[in-house]
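In: Based on what follows, work out the 3D shape:
(chains A and B)
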Amino acid sequence: MKHLILKNISKEYGGTTVVRDFNLEIEQGEFVSFLGPSGCGKTTTLRMVAGFEMPTTGTITMNGAEITNNPPNQRNVGMIFQAYALFPNMTVAQNIGFGLKIRKETESAIKERVDEMLALISLQKHANKYPYQLSGGQQQRVALARALANRPQVLLLDEPLSALDAKIRVSLRSEIRAIQKKMGITAIFVTHDQEEALSISDRIVVMYEGRIEQVGTPFQVYNFPETNFVANFVGTLNSAEAEVVDSAQGLLNMDGIQFKTSQEEMKGRSTGDKIRMSIRPERLSFAAELKKDNVLDCVIENITFLGSVVRIQVKIGNARFNMDTFNNPFLELPKIGDKSQVTCSQEAVLVYSGEATA
Amino acid sequence: MKRGGVIWSWFWMILGILYFFLPLLATFIFSLKAVKDVYSFKAYVNVFNDPAFQLRFPASILWSVLTIIAAILIFVPTAYWVRLKVPKARPVVELITLLPFVVPAIVYVFGLVRTYSQPPLLIVNSPALLVAGYTILSMPYMYRAIDTGLRAIDVQTLTEAAQSLGAGWGTILFRVIFPNVRVSILSGAFLSFAIVMGEYTLAQYLAKPAFAPYIALLIQNKAYEPAAATIISFTLIWACMGIIQVIGGQEQSGQIAGGH
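Out: Okay, here's the model as predicted:
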């Protein structure tokens, strides 16, 4: 039996549909991220699971029991907010023990659980401090401990890392994931940061304009995006308009330059179709090293050093493509204006209908 | 700031202080002259020993305390609910809270007398009507103080955090919202206290014992005692203001509400 089921969920505000036909089943202990741009409906969907919003249509089932119309305080979900939402009048220990106190657990049981949670987030020394005496990262860890202290059935995280600086974000997301795995709790994580979603999730639900665009593992979503939106939103993408010149052979024409794609990408396409052709920057490489299905003449237009990666912009015909290569201090980089050849496999050439959306 | 500007600032400030304090100083000096050619606190002793004062001063304190309790119980949930659920109604609610400034107390009290001196609500003789009236008069101070306090905290997120931890509305209100607007409530409470202690019209026309009508009565019959009673009244109000300042200062150092 699935742990959490969202069936045909939709949400309307004054005639505007912000979530439509949302269907998702989540396993016990799974970490699922809702990923999408602002206004895509990801937070609204999370809030419907929390009970802060009621779906216009559809049902939410948790552990076999329908909770669609249950108030938030009767759902046993733990929620973590972007703004931490610690109670300013309570110490760290009192914040963590708040939910247990409401459940009228004994003082000794509360103390035991609070100590356990403080150990989990390594903040034992801060038990008697007030939230304003803690850093942002520490406050969010307390919020996590407070949400987990109640032993919730589902942990909901609404962009919990957005207010933190870059280094803390990376360390805290690893910590959240480790704790979630350790406790075996089902978690839904809302973010607009694709790197965050890719690094932390078992599965990602990519949303756009209130709809699910794709559900899959980070590997699937990144490497095999099902829609043009997902391809553009998740990761960096080179994209150009092209025409199918031979659907049987998987041949495409971009301004007189021929590309070969896989048969998989040609499913449902016919010769003469106008399409968008997309290639991830890391799928391109210099042909001097290894020639693949597509070998293309290019001119080096720009080189950007990004630390571990060097991004090289090349001009192929009239289109500009980015190519990512690992930084190697002993490898000589080409110079701007040099003529060269780049290559990629036919599987790297993705084909979508319509215009780019992100 | 230029030197000339500083001088003018001091000039206007000193002028303002003189305008405010000179009459008070004169009243205070006058209140000490109950005994001929000697400065004494005789007038104050007379006031404190007056059975009417002993009845009316505690009565006013009682009305103040009941008013504050009623105001807290009505205005905190109202301001909280408006912020949380109907934020668009805030301008309208704020306007309503200002009505006691617009409607003269005499008009208001006659309205109360007319409405509640006939069935079905014949409560014109009940102290509850006086407290209800004072509660309305305290509304601008109490509501706005609470609303300002609520503005300083993230009401919606704190509410949702408490809900997700299993809290119901009562728990949220009394264990999350009240403690975090405690300083604002106290500010509003002390202002309300000062207002009720100095309010004349309602108590006079609803015929209830109170401190302000007592001073008015003294003025008609005595010379020095009204001055003494006025100074007592001012001292009380300043004490309230001082307490607000002290508590407000504590909040700034992050000790009361946990701070931010």
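In: Next, give phi and psi for residue 31.
Out: If you meant another chain, say so; for now it's chain A. phi -110, psi 110 (degrees, to the nearest 10).
In: Which helix runs longest in chain B?
Out: When chain B is parsed with DSSP state H, its longest helix is helix B:51-85.
In: Which strands or helices does the very next helix or strand once past it pack on?
Out: As assigned by DSSP states H and E, the chain's next helix or strand after helix B:51-85 is helix B:90-97. Applying 3 or more Cβ pairs under 8 Å, 6 or more residues apart in numbering or on different chains; DSSP states H and E, one finds that helix B:90-97 contacts helix B:51-85, helix B:127-151. C-betas here are computed from N, CA, C, even on glycine.
In: 6 Å - rerun?
Out: Contacting helix B:90-97 under the criterion 3 or more Cβ pairs under 6 Å, 6 or more residues apart in numbering or on different chains; DSSP states H and E are the following elements: helix B:127-151.
In: Who are the packing partners of the helix it packs on?
Out: Using 3+ Cβ pairs under 6 Å, 6+ apart, helix B:127-151 sits against helix B:51-85, helix B:90-97, helix B:99-102, helix B:182-198.
In: Residues touching that helix, excluding its own?
Out: The contact list for helix B:127-151 (Cβ atoms under 6 Å, 6 or more residues apart in numbering or on different chains) reads B:63, B:66-67, B:70-71, B:75-76, B:79, B:83, B:97-98, B:100-101, B:112, B:116, B:123, B:181, B:184, B:187-188, B:191-192, B:195-196, B:202, B:206, B:208.
In: What residues of it count as buried?
Out: Using 16 or more other Cβ atoms under 10 Å in any protein chain shown as the burial criterion, the residues of helix B:127-151 that qualify are B:129-147, B:149-150.
In: Could you give me the buried positions within the top helix by length along chain A?
Out: When chain A is parsed with DSSP H, its longest helix is helix A:166-183. For helix A:166-183, the neighbour count (16+ other Cβ under 10 Å) marks A:168-169, A:172-173, A:175-177, A:179-180 as buried.
In: hmm, who's touching the very next helix or strand once past it?
Out: Next in sequence after helix A:166-183, counting helices and strands by DSSP H and E, comes strand A:186-191. With contact meaning Cβ under 6 Å, 6+ apart, strand A:186-191 is reached by A:3, A:26, A:28-34, A:42-43, A:46, A:154-159, A:180, A:197.
In: what angle separates strand A:186-191 from helix A:166-183?
Out: Using axes from the mean of the first three to the mean of the last three Cα atoms, to 10 degrees, the inter-axis angle of strand A:186-191 relative to helix A:166-183 is 160 degrees.
In: and the longest helix of chain A, C-alpha only, in PDB?
Out: Output of helix A:166-183 as PDB, limited to C-alpha atoms (Å, rounded to 0.1, in the frame of the first residue of the first chain):
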ATOM      1  CA  ALA A 166      25.200  28.800  -0.100                       C
ATOM      2  CA  LYS A 167      27.600  26.800   2.100                       C
ATOM      3  CA  ILE A 168      25.000  26.200   4.800                       C
ATOM      4  CA  ARG A 169      22.500  25.200   2.200                       C
ATOM      5  CA  VAL A 170      24.700  22.400   0.900                       C
ATOM      6  CA  SER A 171      25.600  21.100   4.300                       C
ATOM      7  CA  LEU A 172      22.100  21.300   5.700                       C
ATOM      8  CA  ARG A 173      20.500  19.600   2.800                       C
ATOM      9  CA  SER A 174      22.800  16.600   3.300                       C
ATOM     10  CA  GLU A 175      22.000  16.700   7.000                       C
ATOM     11  CA  ILE A 176      18.200  16.700   6.200                       C
ATOM     12  CA  ARG A 177      18.600  13.800   3.800                       C
ATOM     13  CA  ALA A 178      20.700  11.800   6.300                       C
ATOM     14  CA  ILE A 179      18.200  12.400   9.100                       C
ATOM     15  CA  GLN A 180      15.300  11.500   6.800                       C
ATOM     16  CA  LYS A 181      16.900   8.300   5.800                       C
ATOM     17  CA  LYS A 182      17.900   7.400   9.400                       C
ATOM     18  CA  MET A 183      14.300   8.000  10.600                       C
END
